[in-house]
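In: Provided below for reference: sequence and predicted model.
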Amino acid sequence: MSDVVEKTLTALPSLLSLDSQPGSAKLSSTSKLGNLIRGITELTSKHEEEKLIQRELSAIKEQVSSPNTTMRQMKELMVRTIYCEMLGYEASFSYIHAIKLAQQGTVLEKRVGYLAVSLFLNENHELLLLLVNTVLKDLQSTNLIEVCMALTVVSQMFPKDMIPAILPLVEEKLNHPKEIIRRKAVLALYKFYLIAPNQVQHIHNKFRKALCDKDPGVMTASLHIYLQMIQENPEGYKDLTASFVAILKQVVGGKLPMDFNYHSVPAPWLQIQLLRILSFLGKNDQSTSEIMHEVLDESLRRAEMNHNITYAILYECVKCIYTIHPKSELLEKAAKCIGNFVLSPKINLKYLGLKALTYVVQQDPKLALQHQMTIIECLDHPDLIIKRETLELLFRITNAQNVTVIVEKMLEFLRISKDDHTTIDLVGKVAELAEKYAPDNEWFIETMNTVFSVGGDMMQPDIPNSFLKLLSEGFDSVEEDRKLRLFAVNSYISLLQGEPGKLPQRFLQVISWVLGEYSHLREDLEAAVVQRLLARLLDMKNCSSETKSWVLTAMTKLCEGASGVSVAQQVSETYSSSLDTVLRQRAQELQHLSQDSELRAKALPRGVGLEPVEVDSSLSFLDGFVSEALAAGAAPYKPPHQRQEELAGTKALSLEPYGLSLPISMSSCITDRQSPTLLSMSSGLSGDSTDLSHKGGSAALKLDGVKRVWGREGYLSHKEPVEEPAQVEVPSPVRSPSRQGEADSSHSRTPTLTPTPESDQEKQQLASSLFVGLGSQSSVCLMGKSEQTTQRFRRKAKGHSAASSTSEQMSNSAVSPPSTVDSLLCNNLLDSNITSELAVSSPKRTSQLSQGLAATNGTCDADTELLESDRKESKPAVITDSYVVAADPAPHADPDRPKDLDLSSHLPAELSGLSHSEITHLCTNQNLELSACHVQKEDSLLLIVFISNSSDSAVQQILVQVDSDELEVSCVGDSPVEVRSHSVAVCQYSLSVKRPAVHIELAGMVSYQLPAGSPQSAPFSYKLPLTSFIRPLTVSTEEYGTMWLAFSHDTRQNLTLISDDQEPLTATLNVLKRRLQLHVVEIIGMEGIVACRLLQDQPCLMHCRVHAGTLAVWLRSPVPDLPDCLIYHCQRALQGH
């Protein structure tokens, strides 16, 4: 690798050389660039530099505009312009000339032009349109250098809407005989995947071919794509685990060429990539983890050189070992490695050890006990980064017993910290700990007061908002509500009587609101006294207008008695003529409401709890009015950006690759909202006859915007729905920005101080306070884990959303033993439905991969086909939808538990004849086991939870709570309260969609009481696809057309046609009908219309048209996210056929 760098640095001067000798090894002493650089270095002030650069840019502008300037001179001018731009001076006049240089001239001149374009422009710049044809031409060139330059530009900065134009050419380059072309093509496809993942879904098998490439560089480039895809969907690539392990074994064994070595370490960055991939694949999967145990042990053993890069490999090994299914020998070695890091005198290694300890302490809390004295010493470390990472570690091990000591340490650091980001981060952590583990009301209020004072106006606004919401909503105990609010009032009165001018503005706003709402709880305090204290705030010079409006609102609530009214009138007179309209409004409210007590009681009622307000963000109450207006001929609403595009539409470039007769640009409101059924009834309008719609008197569908296919959002700008990761039971460690600001001082040593007996005794006492509760598993309570003790400030459960507190309890509930490491980590299964569609990698495939990497010449069979025979068919009584995604079985389930327990017989009688999904194990806690399935009814979807009691005694006081952000969950019938010994009870829940998502997750908690024991609880989760909620919608063609006009949310995409015995359109629609339960309304020639509904009664319409061997699909619905989610499942259904 060092040889490559040396050659590159040797070749750079020849690129910048302006002599007639292209191979000159240094800048010419007479070149203009050399003169410019020397002139800048001789200057003594910034002002002189600006004058020199402006003169230089003026001279360059004059020369590039001259028609007599040759390409060689233009190359020299571009190099000088690049240097000026690097110094921060704008040279936008040269951008177009850089593009011209890339389009013309010799290879060296094109190289300089491409370099200038990549430095001058970004991927959203409008001038990039002029570069598309040049890139297309260079990709088809026989000159390898031109192809390399084009692929480099594509992978750096290519507009998203132009990807379809060059994607086929980039795909072809994956089979190029030169490895450098194949490597650059893979990197270009990686860029496409990052900015438009849905447009490269059809070439995933070609990624596998790149992974098996005989050139290690191409294989390394493909790992970037696989790391991204596996992070989003680990289940879909389990079959490649053996391949990744084989690659890592060869890398660790030194089988790659020496060019990949760095300081005698074989391909370290490749090792890091592979370790990250393996950690995602092995998470929550015992069988997959066992495949990688041997290579992880080998990686730990070989990475023992004393060099920074080996430390990075060891760190990734430790994270991987603690992420996958645990093995005791590996855990011991990883713990020893962490200990070596933490105890190292080198600051960089100590920081790395703290980072690793922060990551693993949630799985193995006892590991922190082994290094408690070192952690205590790090609290007093002179390096602030070490201190901050130590506080992050303490935040992770906080529980109800040590919260006061840890919060005190955090507040001490906050008082001396001068970094804004650190302050914002720690303030949020302290507020979270205070709400979660506060021992009493007094400590909670005082801690929050300190948070508001230290955090100031830099803190996130949700911290004071959450605090006020907690006070207003109250808790389960009315007496606790009163005590907390009364203590807050007393505290804030004392602060206002002191020096309120030193308090931050947000703290003053909190004080004003609390006193306005709850000062009446203190019976000996007159409202007029509070009003006078608040009025003092208005006279402060540093009081902002926003704070004054809060104060005026609080005073309005306190207008009682003659003295209070008098103070209010004086204040209102002062601010009635304010230039600030908000203050003037508040002053008018204060004046009128202070004089009318009856009106004030109605407008500002006291002691009334806040009720949730339902907001109709879609303004559905206007649907009738909009429909009538559209029917009367009114033009549909167009967003501002669409209007601007239409104004420029006549001058826009026509780049329509597929010639579709329907506008394809992504927009929420279409220019022509006619029903697509009219297209079928028009007289043979084809995709190549777009101009017919503009002829006068034509009865065809008007397509005024047909040429405006390329807009700001680009062609086919449908974004694949971002799937939210599953609710995690353990939050990932908060990553401090300190890792980026870490000083590169690996040889700097920690100052050694001679400890005194008094200091040792103080450290021992501090350690006993900080690490209390970590010794026994029963009392441990880590941040983000389950805990048996209830949260002190537990908010009220309101109405049906009583189960919403489940998510809070889950995030703060009881910890599992250290042996179940994998069950504590987040279940990042975003697309688990692919599991049944991928065949397990064969030994032959692995051996081929090994040969391909070890030998210079070799082949690897990468044509991975998804065979029908590889899919597992379910029983007829079970839903055969391959998109059913259920929760993974717990990796540490009781091995003695009967595996073939038939729970189907326990289904309620009215559901026994209906199809249901496979019954899936959810969780096991002692002798109680939960399983679940979902049953599809015509008008609803039911979740059936089976509670199995395998003990010899009855389980009592059973409570199963289920909740989801995307679903409305309601219990059907009476839930069982008791489960007898060796029996099964059933709970039913009706599910309906609130917010569509590709995959929907349910989170739940089961709590119960054993006859002789303490209350028990266990969390669980269950995932199911959106397709479970899809039902056919039977409508006529006329009804379809009417509904199409009324819907505003749409998306469009090209899908793969099914080539079967039937006509392609019919075969494709039949597959969608069977897999997704859609209703085919009508098929007319090469077009078809389809309808479906989402439970409950949320329609979605689909228009399909065959063109150029693909199926152009247009979906429209009144539900915002439904078209995007449904198009995703359509793609999966057709890919799996």
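Out: Ah, there it is. Numbers count the residues shown, from 1 in each chain.
In: can you spell out the domain ranges of this structure, please?
Out: 400-473, 484-598, 906-1028, 1033-1135 (the TED database).
In: out of the ones you listed, flag the one nearest residue 101.
Out: Shortest separation from residue 101 across the domains of the chain is recorded for domain 1033-1135, at 35.6 Å, computed as C-beta to C-beta. Every C-beta, even on glycine, is put in place using the N, C-alpha and C of the backbone.
In: for that closest one, measure first residue to last.
Out: Start-to-end span of domain 1033-1135 (C-alpha to C-alpha, to the nearest Å) is 24 Å.
In: can you add distance to residue 52 and give the domains of the chain back as JSON lines?
Out: As requested, the domains of the chain are exported to JSON lines (distance: least, C-beta to C-beta, whole Å):
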{"stretch": "domain 400-473", "distance to residue 52": "36"}
{"stretch": "domain 484-598", "distance to residue 52": "45"}
{"stretch": "domain 906-1028", "distance to residue 52": "57"}
{"stretch": "domain 1033-1135", "distance to residue 52": "53"}
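In: which one, of those domains, ends up nearest to residue 249?
Out: Comparing the domains of the chain by C-beta to C-beta, domain 1033-1135 comes nearest, at 31.9 Å.
In: give the contact list for residue 155.
Out: The neighbourhood of residue 155, defined by C-beta atoms under 8 Å, 6 or more residues apart in numbering, consists of 184, 187, 188, 190, 191.
In: over to residue 418. Which of the three states is it?
Out: coil (DSSP: H, G, I helix; E, B strand; the rest coil).
In: dihedrals phi and psi, it?
Out: phi -120, psi 0 (degrees, to the nearest 10).
In: that one and residue 263: what is the separation?
Out: The spacing between residue 418 and residue 263, counted by C-beta to C-beta, to the nearest Å, is 37 Å.
In: who has more neighbours, those two?
Out: Taking other C-beta atoms under 10 Å, residue 418 and residue 263 do not tie; residue 263 has more neighbours (12 against 7).
In: under the pLDDT cut-off, which ranges of the stretch 1-150 of the chain? List them.
Out: Residues of the stretch 1-150 of the chain meeting the criterion pLDDT under 70: 1-30.
In: ok, which stretches of it are helices?
Out: 2-16, 32-41, 46-64, 71-86, 95-103, 107-120, 132-139, 144-156 (DSSP state H, counting those that start in this stretch).
In: and of those helices, who's closest to residue 951?
Out: The closest of the helices of the stretch 1-150 of the chain to residue 951 is helix 144-156. By C-beta to C-beta, the value is 60.4 Å.
In: buried set for the closest one?
Out: Of all the residues in helix 144-156, those buried under the rule 16 or more other C-beta atoms under 10 Å are 146, 147, 148, 149, 150, 151, 152, 153, 154, 155, 156.
In: one more: stretch 593-607?
Out: 593, 594, 600, 604.
In: what's the farthest-apart pair in these?
Out: 594 and 604, at 11.3 Å, using C-beta to C-beta across the buried residues of stretch 593-607.
In: so what sits against both of those two?
Out: Counting by C-beta under 8 Å, 6+ apart, the residues touching both residue 594 and residue 604 are residue 556.
In: how about low-confidence regions in the stretch 801-950 of the chain?
Out: 801-901.
In: try 90
Out: The stretch 801-950 of the chain contains residues with pLDDT under 90 at 801-931, 933-950.
In: list the buried ones in the one helix or strand residue 168 maps to?
Out: Assigned by DSSP states H and E, residue 168 belongs to helix 163-172. Neighbour-count burial for helix 163-172 flags 163, 164, 165, 166, 167, 169, 170, 171 (criterion: 16+ other C-beta under 10 Å).
In: just to revisit the earlier point, wait, which of the domains of the chain is closest to residue 363?
Out: domain 906-1028 (16.4 Å).
In: centre of the chain to the closest one, how far?
Out: Distance of domain 906-1028 from the chain centroid (C-alpha atoms, centre = their mean, to the nearest Å) equals 29 Å.
In: okay, now the unreliable bits of the stretch 151-300 of the chain?
Out: Residues of the stretch 151-300 of the chain that meet the cut-off, pLDDT under 90, sit at 155-168, 175, 193-214, 231-237, 253-265, 283-286, 298-300.
In: which parts of it are strands?
Out: 261-262, 265-266 (DSSP state E, counting those that start in this stretch).
In: give me the residues contacting the first one.
Out: Under the criterion C-beta under 8 Å, 6+ apart, residues 1, 267, 268, 269, 309 lie in contact with strand 261-262.
In: and what of stretch 130-149?
Out: Contacts for stretch 130-149 (C-beta under 8 Å, 6+ apart): 96, 99, 102-103, 107, 110-111, 114, 117, 150-151, 153-154, 158-159, 162, 165-166, 169-170, 173, 176, 178, 180-181, 184, 655.
In: buried ones in whichever helix or strand residue 1114 is part of?
Out: Applying DSSP H and E as the criterion places residue 1114 in strand 1110-1117. In terms of neighbour count (16+ other C-beta under 10 Å), strand 1110-1117 has its buried residues at 1111, 1112, 1113, 1114, 1115, 1116, 1117.
In: please name every helix or strand in contact with that strand.
Out: Judged by 3 or more C-beta pairs under 8 Å, 6 or more residues apart in numbering; DSSP states H and E, strand 1110-1117 is in contact with strand 1049-1056, strand 1098-1107, helix 1122-1135.
In: rewinding a little: which one of the domains of the chain lies closest to residue 378?
Out: domain 400-473 (11.1 Å).
In: in the stretch 551-700 of the chain, where is pLDDT below threshold?
Out: Using pLDDT under 90, the flagged stretches of the stretch 551-700 of the chain are 554-580, 583, 586-700.
In: and the helices in it, which stretches?
Out: Under DSSP H, counting those that start in this stretch, the stretch 551-700 of the chain gives helices at 561-575, 581-595, 597-603, 623-631, 640-647, 677-681.
In: out of the ones you listed, nearest to residue 1121?
Out: It's helix 623-631; of those, that one is closest to residue 1121 (C-beta to C-beta) at 18.2 Å.
In: hmm, who's touching that closest one?
Out: For helix 623-631, the surrounding residues in contact (C-beta under 8 Å, 6+ apart) are 636, 673, 1045, 1046, 1118.
In: repeat the analysis, applying 10 Å as the threshold.
Out: Contact with helix 623-631 is made by 619-620, 622, 634-637, 673, 1042, 1045-1048, 1118, as judged by C-beta atoms under 10 Å, 6 or more residues apart in numbering.
In: only whichever of those residues are buried, select them in PyMOL.
Out: Burial among the contacts of helix 623-631 is assessed by 16+ other C-beta under 10 Å; the matching PyMOL selection reads:
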select buried, resi 673+1045+1046+1047+1048+1118
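In: who's in contact with residue 85?
Out: 57, 91, 92, 94, 95, 116, 119, 120.
In: thinking again about what came up before, ok, so of the buried residues of stretch 593-607, who is nearest residue 515?
Out: Among these, and counting by C-beta to C-beta, the member closest to residue 515 is residue 604, at 13.8 Å.
In: not counting sequence-adjacent ones, nearest residue to the closest one?
Out: What sits nearest to residue 604 in space, not counting adjacent residues and going by C-beta to C-beta, 6 or more residues apart in numbering, is residue 557, at 5.2 Å.
In: same question, residue 542
Out: Closest to residue 542 by C-beta to C-beta, 6+ apart is residue 501, at 6.6 Å.
In: burial measure for that neighbour, as a count.
Out: 13.
In: report pLDDT for it.
Out: With respect to pLDDT, residue 501 scores 85.
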